[in-house]
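pasting the sequence and the predicted coordinates here, then a few questions.
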Amino acid sequence: METLLKNLKVEINDKIYVKDPESSDLGKRIVKHSIEMIYELGFEQFTFKKLGNAIKSNESSIYRYFENKHKLLLYLTSWYWSWLEYQLVLQTMVISSPHAKLNKAVEILTQEVTQDSNFSHINEVILNKIVISEYSKSYLTKEVDKENKDGYFVIYKRLVMRLKNLIIAVNSNYKFPSSLSSMIIDGALHQHFLKEHFSGITDCNKKTTPTLYFLDLVEQLIIKNGKK
């Protein structure tokens, strides 16, 4: 598995970028430092001018890779979902039990992220925090329908479908597998956010993680009902 991860090339829709940032050292620096700056400043305060100053490069050089910061956010979130999908596929492919496979998938999609040493220019822990705080800004726009048609969200949607199929494999009679799948993936982001910022309106905390909550939800909705 470790060898496979080292050889992983995360594929992103080429309409999102002008030039593939993985193709050069400058592109990788843009990605690395943009993650750090968005995490530190927030997406609203982040600008290409500030990024250029941080990497000691002209602002115009960044535009050779990304048309605007919205496209950069789409790239970062797409990279994250692709990386997470790869984790899910690799870690569930050797599991034969549909029940165990579903639980493992839920665990992967809802747990706190740890650093992956296979990608030195991307800090997955910080990127996860950006996705938790900023992902909705990538699609809550007037252009969302066009961008969806252009395939900007295909990796995220593919991940939802993978989880949906695992749900069906456990309980084919469950009526809302797509809704539950997307709710688990998006809900995990929301619960992590609430745990950090609005602890009074969630039961999740240091002991009761979002993963425990969603595993219990799946057990109640899918697994127990599937045994009837």
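Great, that's in hand.

lowest-pLDDT helix or strand in the protein?
Within the chain, no helix or strand scores below helix 2-6, which has a mean of 47 by mean pLDDT, DSSP states H and E.

how far out from the middle of the chain is the helix or strand that that helix is followed by?
Downstream of helix 2-6, the next assigned helix or strand under DSSP states H and E is helix 25-41. The chain centre lies 17 Å from the centre of helix 25-41; the measure is C-alpha atoms, centre = their mean, to the nearest Å.

likewise for stretch 193-208?
Distance of stretch 193-208 from its chain centroid, counting by C-alpha atoms, centre = their mean, is 20 Å.

which residues touch the residue nearest the centre of the chain?
What sits nearest the mean C-alpha location of the chain, by C-alpha atoms, centre = their mean, is Trp81, with 3.6 Å. For Trp81, the contact set (C-beta atoms under 8 Å, 6 or more residues apart in numbering) comprises 155-156, 159. Every C-beta, even on glycine, is put in place using the N, C-alpha and C of the backbone.

again, only this time at 10 Å
Trp81 makes contact with 10, 12, 131, 135, 153-160, 185, according to C-beta atoms under 10 Å, 6 or more residues apart in numbering.

which positions in the longest helix seen in the chain come out as buried?
Taking DSSP state H as the criterion, the chain has its longest helix at helix 69-92. By neighbour count on 16 or more other C-beta atoms under 10 Å, the buried set for helix 69-92 is 69-85, 87-88, 92.

for stretch 170-177, same thing?
So, applying 16+ other C-beta under 10 Å, buried residues of stretch 170-177: 170-171, 177.

next one: that stretch to chain centre, how far?
With C-alpha atoms, centre = their mean, you get 24 Å for stretch 170-177.

same deal with stretch 141-153?
Relative to its chain's centre, stretch 141-153 lies at 17 Å (C-alpha atoms, centre = their mean).
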